[in-house]
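Asker: sequence? don't have it. structure:
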C-alpha cells in the first residue's frame, strides 16, 4: 500500500505527524507489518545553535519511545556552525533534507485494519519554522511461514 501526505511542525515535544493504515485480509496468518517512509524536513536555523531531532514509527500517536528505542529513530540535524536560515519560502529558506524511516510491527492472525503513526520531535533548537512533510510511505504486510 502506498500513501502520500502528512505534515506538521516539529517542536520540542513528541508530535504525531501522520497516521497510516492498511487492511489485512480476513483469515490471514500472523505476520509483520513494515512501514517505510521518505520525508522532507525543513529546519529554520540560527547560527550558533545546534538543531537536531528524529522521526520514528510507533503504534500510538505522539509516542517517541525511550532512549532504549533509539535504534528505531531516524535522526537529522543542522550543525551550529552553519549560517542562519529562518525557514519558510524565499531566499532565506531553512535547511532542507530527506529522512528515511522504517518500522516493524507484529500483526496477529485473523486480519483487520492496522494503523501506524509517524511521530517526531526536535531534541534541540526546535521552533515554529521546523517542518516535516511530503511523505512517501509504503506499508507492507508479510505473513509468517506456516
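Answerer: Received it, and whenever you're ready, just let me know what you need. Everything numeric in this text was worked out from a predicted model, so none of it was measured.
Asker: tell me the pLDDT of the residue nearest to residue 12 when sequence neighbours are not counted.
Answerer: Residue nearest to residue 12 in three dimensions, not counting chain neighbours: residue 126, with 4.5 Å by Cβ to Cβ, 6 or more residues apart in numbering. (Glycine included, C-beta is placed from N, CA and C.) As predicted, residue 126 sits at a pLDDT of 82.
Asker: can you tell me the helix or strand for residue 126?
Answerer: Per DSSP states H and E: residue 126 is located in neither a helix nor a strand.
Asker: likewise residue 7?
Answerer: Secondary structure assigned from DSSP H and E places residue 7 in strand 2-9.
Asker: for the residue nearest to residue 12, grab the count of nearby residues.
Answerer: When neighbours are defined as other Cβ atoms under 10 Å, residue 126 has 19 of them.
Asker: still on that earlier bit, note down every partner strand of the next helix-or-strand element following the strand holding residue 7 and its orientation.
Answerer: Next along the chain after strand 2-9, taking DSSP H and E as the criterion, comes strand 15-24. Sheet pairing here is set by DSSP bridges, and for strand 15-24 it gives strand 112-124 (antiparallel).
Asker: now do the buried residues in the partner strand.
Answerer: 114, 116-122 (16 or more other Cβ atoms under 10 Å).
Asker: that older thread, surely the residue nearest to residue 12 touches residue 14?
Answerer: No - using Cβ atoms under 8 Å, residue 126 is not in contact with residue 14, being 11.2 Å away.
Asker: so where do the strands sit in the protein?
Answerer: Ranges of strands within the chain are 2-9, 15-24, 31-43, 51-58, 74-78, 95-107, 112-124, 130-143, based on DSSP state E.
Asker: tilt between the third one and strand 74-78?
Answerer: Just to be clear, that refers to strand 31-43. 10 degrees (axes from the mean of the first three to the mean of the last three Cα atoms, to 10 degrees).
Asker: quick one: low-confidence parts of the protein?
Answerer: 1-6, 67-69, 88-92, 146 (pLDDT under 70).
Asker: distance of the most centrally placed residue in it from residue 63?
Answerer: Nearest residue to the geometric centre of the chain (Cα atoms, centre = their mean): residue 55, 3.7 Å. Taking Cβ to Cβ, to the nearest Å as the measure, residue 55 falls 12 Å from residue 63.
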